[in-house]
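**Student:** Here is a sequence together with a model predicted from it:
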Amino acid sequence: MKRRVALLVATAALNSACFATRNDVRILQGDVLAMRGEIARADSARSRQMAGVATQVASLLATLSDSMRVTSARLDRLRGDTRTDLYDIQQQLLQIQELTGQSQRRLQELRAQMEERASQVVAPAPTPTDSTVAAAGATPPAQPTAPGPNQLFQLAQDQMRRGSYATARAGFQELVRLYPTSDLAPDALYWSAEAFAAEGNRTSSDSAYTEVLTRYPRASRAPTALYKLALSLDRQGKRSEARAAMDRVSREYPQSDEADLARDWLRTNR
């Protein structure tokens, strides 16, 4: 009898344990299903979010692309306008230079004409008296004055334009000899060097350019003469001397147009 009771108790305990295990399994399965649902919902929400972000990025990229196209078109128009403006400015500068050159030539011609007229004015001879006639015999004629610097410069420039370089050079040198303190003396000496250069006489032209720098270092022609001297040295293969002359242009005449040209030359001839 006791054995039956013990057997019944053991069987009941075994059945209770089986029921508890099956219930736990069902609960665990429910939790897994719930977790899967939450994961699926989270994935769906994340997918929608990513799709929205992708749409926004695509929209931003499209807007940026349109903005870049508009900006590029504006830059192209700006470059075109700038090139047009620069061309117009260059044309205006050429016109100004031409007008300035014409004005300077005209002023030089007028100054030369004034000097010529002044040289033609001869002081009236004094009225001879018996004593002067007896003493001197006759009144000596008045001597014409020498051509002024403007006359000499104008005559020499005319010969230069005709290609008569030797005659032009003689006129320029005569101006420097007679009127070394004239404002035209540096220009005359510079054009004397140009006449030598036109004849292919580099040694003499270099010497004349150097004389401009020695005698008139602060004249407006000085940086031009130094720059021309540097170019001549470069053509003769004297690169170190040419570089020294170009460097001198940029240092001693930094505000001149020739200084900009010298700096460009130095950058391209290292």
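**Tutor:** Yep, that arrived. Numbering: from 1, shown residues only.
**Student:** how much space is there between T210 and L152?
**Tutor:** Note on T210: its distance to L152, by CB to CB, to the nearest Å, is 22 Å. All C-beta spots, glycine's among them, are computed from the backbone N, C-alpha and C.
**Student:** Looking at those two, which is more packed in?
**Tutor:** Neighbour count, other CB atoms under 10 Å: between T210 and L152, L152 has more, with 26 against 15.
**Student:** sec struct for that one, please.
**Tutor:** What DSSP: H, G, I helix; E, B strand; the rest coil gives for L152 is helix.
**Student:** Isn't it up against E174?
**Tutor:** Yes: under the criterion of CB atoms under 8 Å, L152 makes contact with E174 at 5.9 Å.
**Student:** for S256, what are its contacts?
**Tutor:** 223, 249 (CB atoms under 8 Å, 6 or more residues apart in numbering).
**Student:** Can you report phi and psi for it?
**Tutor:** phi -90, psi 160 (degrees, to the nearest 10).
**Student:** Against R263, how distant is it?
**Tutor:** 11 Å.
**Student:** same check, this time on L60
**Tutor:** For L60, the distance to R263 - CB to CB - is 46 Å.
**Student:** Over to E241?
**Tutor:** Here the criterion is CB to CB. By it, E241 lies 18 Å from R263.
**Student:** what do you get for A197?
**Tutor:** 23 Å.
**Student:** And S65, by the same measure?
**Tutor:** S65 sits 42 Å away from R263, going by CB to CB.
**Student:** out of these two, which sits in the busier spot?
**Tutor:** The residue with more neighbours, out of S65 and R263, is R263; 15 against 10, by other CB under 10 Å.
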